[in-house]
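>>> What would the 3D arrangement of this be:
(one chain, ligands or ions: 2)
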Amino acid sequence: MKKIKISPSILSGDFSQLGKEIKRLEEGGADMIHVDVMDGHFVPNLTIGPPVIKSLRKYTDLIFDVHLMISPVHKYIKDYADAGADIITIHPEATENLKDSINLVKDFNKKIGISLNPDTKIDVIKNFLTDIDLILIMSVHPGFGGQKFIPDVINKIENLKSIKEEKKLNFDIEVDGGINFENSKAVINAGANILVSGTTIFKSNNGNIKKNIDALRLI
Ligand code: DX5
Ligand code: ZN
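Numbers count the residues shown, from 1 in each chain. Ligands and ions are numbered 1, 2, ... in the order given. Got it, this is the predicted structure:
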């Protein structure tokens, strides 16, 4: 059974001091840092891009788990690889050729993640499961932090877990959106081994990051 990892989303952090926020997350026991990149086109919100990621890189050696909610995505993959992303997660709807985009991320020696929106079926990626390192199951419609968890995704996580076991594959199952102390156990039991959380980690228990990370990891 893989260790449960926590990847806090900086989207819920103070954007005027993201470097310090990343240090706080690391001190609080984060396993990696979830960086939500939004372009105001693929999703109705705009956040940060490669220059900001590049400037944040020096604040930690933790993995930068970069979630690209941008389209088109293929032509920007190099910029995020050069900026210091370690995992580059893309949405299948954002590229004309998923295989080419997967290969491009690997050409930069980065881990490749594919993100499935709540309405996107696992079938969309069934031919690529052996090529990818991580599947990011969205439990909210992407674009904003603080949204309500969509319980239907539990079934999707269970389906993905059984496909993974059946085919003896080793990709990570990461779940992203509305994760809190009430649903984290069900998400882990369904088969997730990485949890993304922004609001719960930054806002619960008077912002006690270590307490919130430990509680999500069910320590
Ligand atoms: C939403 C992002 C999520 C979000 C998670 O589009 O991909 O990573 O920031 O934030 P919470 O945990 O507040 O739902
Ligand atoms: Zn995300």
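>>> For the closest residue to ligand 2 within the chain, what are phi and psi?
Per CB to the ion, residue 67 is where the chain lies closest to ligand 2, at 3.7 Å. All C-beta atoms are positioned from the backbone trio N, CA, C, and that covers glycine. Here is the backbone geometry of residue 67 (degrees, to the nearest 10): phi -100, psi 110.
>>> In contact with it, which residues?
When contacts are counted by CB atoms under 8 Å, 6 or more residues apart in numbering, residue 67 touches 34, 35, 36, 37, 89, 113, 115, 136, 176, 196.
>>> Okay, now the unreliable bits of this protein?
1 (pLDDT under 70).
>>> would you turn the contacts of residue 67 into CSV with secondary structure and distance to ligand 1?
Below are those laid out as CSV (DSSP: H, G, I helix; E, B strand; the rest coil; distance: CB to the nearest ligand atom, whole Å):
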residue, secondary structure, distance to ligand 1
34, strand, 6
35, strand, 9
36, strand, 5
37, strand, 9
89, strand, 9
113, strand, 12
115, strand, 8
136, strand, 8
176, strand, 5
196, strand, 5
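>>> Return the closest of those residues with respect to residue 217.
The shortest approach to residue 217 among those belongs to residue 196, at 12.7 Å (CB to CB).
>>> Now the closest one. Nearest residue, chain neighbours left out?
Distances taken as CB to CB, 6 or more residues apart in numbering put residue 176 closest to residue 196, at 3.8 Å, once the chain neighbours are dropped.
>>> what's the answer for residue 180, then?
residue 200 (4.6 Å).
>>> next one: residue 152
Per CB to CB, 6+ apart, closest to residue 152 is residue 118, 7.0 Å.
>>> Check residue 46 too.
Residue 46 sits nearest to residue 40 (CB to CB, 6+ apart), 3.9 Å away.
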